[in-house]
Structures are given as C-alpha cells and as structure tokens.
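>>> Next input, structure requested:
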Amino acid sequence: MATLQTHGRIEQLRALFWQLVRFGLTGGAATAIYAAVYWPIATYAQARWPLEHRSVWPLIANVLGYLVSMVAGYVIHSRWSFRDVGARDKVSRTGGRFLVVTLVSFALNTFFVWFLTGPMHGATWWPLVTNVFVTPMVTFVLYRFWVFA
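Sure thing, here's the model as predicted:
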C-alpha cells in the first residue's frame, strides 16, 4: 500500500516537473516576445525625445510588449504548458482567471519598469532582469494552482 502511494506521489512530482519545464519554455518564448517589443521602443524612442519626456517611453513600451506577449502566452500556456491540468471546457473561467493573473503580472512588470527606469535612473534593460526572473515565478504559481487547476 505504501509503495502504491509513493509511486503515485512520484508520478505527481514528475508531472509537475515536466509542467514546470513546459512553462519555462513557453514563458521564455513569451518573455522573448515581450523583450523584442519592449526594448527597442523603450531605448530608441526614448532617445529621440527631449529629456523631460523620456521617462514615459519605457512605460509605453511595457504596455505594447505585454499586450503582444499576453496573447501568445495564453494560447501556448492553455494548449501546451497546462494541458494536463483541469478541464478545458470552462474557457470563460480559465480566460477570466488568466486575465486576472495577466493583470497582476502586468502590474509587477510595470512597477519594475517605472521604478528601475524612473526613480532609479537605470538603463532601459534593467527591468528585463526582474521581468525574466521574478514575474514568471509568481505567474507559474498562480497559473498552476488557480487558473488551470
């Protein structure tokens, strides 16, 4: 009996591990899409404007990058990363919860962009570090245990 329980637990951990791997690959792709939209706009548009208007461009770039990566992320996460979790017949529940997590994720990224390029006077690439390492950890937990559960 204990062997069956142990085997079942190992299978759950194995499934969670591979789900995390799929999430990492998908999240990496969504993050690369975000970065490909964010960084050029934040960097080059900012350089073309007078000094007093430069701080707004990283925030505009953040919104644009996030919108593009959000659409790609939903499609790939729902069909691949979390394909083994929960029922897929509740698109309205999943879609609504995905939107809430996306807004939380967007708020985190926006805060990092604002704080690091604004008050910290950092380079436009600084927020990419937090957006690649901090935000994905938060969103994985929310997606796994709330959105696609």
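>>> So which bits of stretch 109-121 are buried?
Using 16 or more other C-beta atoms under 10 Å as the test for burial, stretch 109-121 gives 109-110, 112-114, 116-117. Every residue, glycine included, has its C-beta placed from N, CA and C.
>>> With stretch 59-71 instead?
61-63, 65-66, 68-70.
>>> Show me where this structure dips below the pLDDT cut-off.
1-5, 7, 47, 49-54, 84-92 (pLDDT under 70).
>>> redo that, cut-off 80
Applying pLDDT under 80 to the chain flags the ranges 1-8, 45-55, 74-75, 77-95, 148-149.
>>> And the helices in it?
For the chain, the helices defined by DSSP state H cover 2-40, 46-48, 56-76, 91-117, 126-133, 135-142.
>>> OK, contacts around W125?
39, 43 (C-beta atoms under 8 Å, 6 or more residues apart in numbering).
>>> cool, and the one 4 residues further on?
The contact partners of V129, by C-beta under 8 Å, 6+ apart, come to none.
>>> hmm, back to that, between the helices of the chain, which one is closest to A149.
Among the helices of the chain, helix 91-117 comes nearest to A149, with 9.0 Å by C-beta to C-beta.
>>> what inclination does that closest one have with respect to helix 135-142?
160 degrees (axes from the mean of the first three to the mean of the last three C-alpha atoms, to 10 degrees).
>>> I'd like to know which elements helix 91-117 is packed against.
Judged by 3 or more C-beta pairs under 8 Å, 6 or more residues apart in numbering; DSSP states H and E, the packing partners of helix 91-117 are helix 56-76, helix 126-133, helix 135-142.
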